[in-house]
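how does the following fold in three dimensions:
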Amino acid sequence: MQYLRDKVVVITGAGSGIGRALSLACARRGSLLALSDVNAEGLAETGRLAESLGAPKVRTDTLDVADRAAVLAYADDVAETFGRVNLVVNNAGVALAGDLVDLEFEDIDWLLGVNLHGVLNGTKAFLPHLIASGEGHLVNISSLFGLMSMPGQSMYNAAKYAVRGMTESVREEMLIAGHPVGVTAVHPGGIKTAIARSARVSAKEDQAATAAYFDKHLARTTPEKAAEVILAGVEKEKARVLVGADAHALHLVSTVLGSRYQDVVARFARRAMPPKKGA
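Got it, this is the predicted structure:
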């Protein structure tokens, strides 16, 4: 695949999971990489791996995507360093589990800061550079939970639905204006990453049990497979990319059942999800 050779690719959340897998997949394709993550150690390892795979140039920056001023400055600096920006993947994300009534506002603001405002910041900061490149593509990572809702994930759902809506609207805006920028919303199902193990939870959730349930029953797709599916979607300029058989199956179920899928999900979750503390 020659599509990304010599292209400047920006990836947030590159220190692990899908972000690292995307970074290494692009390195193999000969991309110039601008990688960022809040986890400096994981990011440095991704950078070393990308260089070992032959990426012509790798830049790594510790970055909190929720810090708007930092993201705006970062975008301008990356564009100045590389001379252009061709592909931006707003991938950084976190998780928060618990019924809304039990969540703390501090944790809600933390999740929305990364999962919604982080994607907004990256999109707004880099979009002018993508347009100026004459050959740009924007990828925003939403989720299967940006297509259907799940109990205990109200704030994650809220952020991922918002990312989907914003991304689809931006794509329409690019088409109307005739800008040379493709736009793709990505909706992964369960991916084998550490997101559940590093998640925050409400006081009534058993964090270890929740993470173990995700790892055992929901995480079906490897980050490497997810990266290949995403990049194939970018190459084909798809508006929407679903990742994993679970994403395709559950999206189909929710589409066929309409709003009734919520009742089905509630019945299943009542039986299958780990019990709450004290239950």
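
any idea which helix or strand of the chain has the worst average confidence?
helix 207-213 (a mean of 86; mean pLDDT, DSSP states H and E).

can you give the distance of that helix from its chain's centre?
Centroid displacement of helix 207-213 relative to its chain, using CA atoms, centre = their mean, to the nearest Å, is 21 Å.

pull the CA atoms of the helix or strand following that helix into CSV?
Downstream of helix 207-213, the first helix or strand assigned by DSSP states H and E is helix 223-235. Coordinates of each C-alpha in helix 223-235 appear next as CSV, following Å, rounded to 0.1, in the frame of the first residue of the first chain:
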residue,chain,number,x,y,z
PRO,A,223,-5.4,-3.1,17.8
GLU,A,224,-3.4,-4.2,14.8
LYS,A,225,-6.5,-5.4,13.0
ALA,A,226,-8.3,-2.2,14.0
ALA,A,227,-5.5,-0.1,12.5
GLU,A,228,-5.6,-2.0,9.2
VAL,A,229,-9.4,-1.6,8.9
ILE,A,230,-9.2,2.1,9.7
LEU,A,231,-6.4,2.8,7.2
ALA,A,232,-8.3,0.8,4.5
GLY,A,233,-11.3,3.0,5.2
VAL,A,234,-9.2,6.1,4.8
GLU,A,235,-7.8,4.9,1.5
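
which residues touch helix 223-235?
1, 3-4, 17-18, 20-22, 24-26, 29, 87, 89, 137, 139, 182, 184, 186, 188, 191-193, 241, 243-244 (CB atoms under 8 Å, 6 or more residues apart in numbering). For every residue, glycine as well, the C-beta is placed using N, CA and C.

tell me the secondary structure for Ala70?
Classification of Ala70 using DSSP: H, G, I helix; E, B strand; the rest coil returns helix.

give me the phi and psi for Ser31.
Dihedral pair for Ser31: phi -80, psi 150, per degrees, to the nearest 10.

next, count neighbours for it.
By other CB atoms under 10 Å, the residues close to Ser31 number 27.

quick one: contacts for it?
With CB under 8 Å, 6+ apart, Ser31 has these contacts: Leu4, Arg5, Asp6, Lys7, Val8, Val9, Ala55, Pro56, Leu87.

can you rerun that using 10 Å?
For Ser31, the contacting residues are 3-9, 11, 22-23, 25, 50, 54-58, 86-87, by CB atoms under 10 Å, 6 or more residues apart in numbering.

can you say which of those are buried?
4, 7-9, 11, 22-23, 25, 50, 55, 58, 86-87 (16 or more other CB atoms under 10 Å).

and Val58, its phi and psi?
phi -130, psi 120.

now do it against Gly182, distance only.
Plainly put, Val58 is 24 Å away from Gly182 if you go by CB to CB, to the nearest Å.

can you check Glu224 too?
Counting by CB to CB, the gap from Glu224 to Gly182 is 23 Å.

just Asp206 next, same as before
Counting by CB to CB - Asp206 and Gly182 are separated by 42 Å.

those two: who's more crowded?
Using other CB under 10 Å as the criterion, Asp206 and Gly182 rank with Gly182 on top: 22 against 17.

so what does the helix or strand harbouring the more buried one touch, helix or strand wise?
Secondary structure from DSSP H and E places Gly182 in strand 181-188. Counting contacts by 3 or more CB pairs under 10 Å, 6 or more residues apart in numbering; DSSP states H and E, strand 181-188 is packed against helix 17-28, strand 87-90, helix 117-133, strand 136-141, helix 154-177, helix 223-235, strand 240-243, helix 245-257.

could you check the angle strand 181-188 makes with the third one?
Between helix 117-133 and strand 181-188, the angle comes out at 150 degrees (axes from the mean of the first three to the mean of the last three CA atoms, to 10 degrees).

what helices or strands is helix 117-133 leaning on?
Helix 117-133 packs on strand 8-11, helix 68-82, strand 87-90, helix 105-115, strand 136-141, helix 154-177, strand 181-188, going by 3+ CB pairs under 10 Å, 6+ apart.
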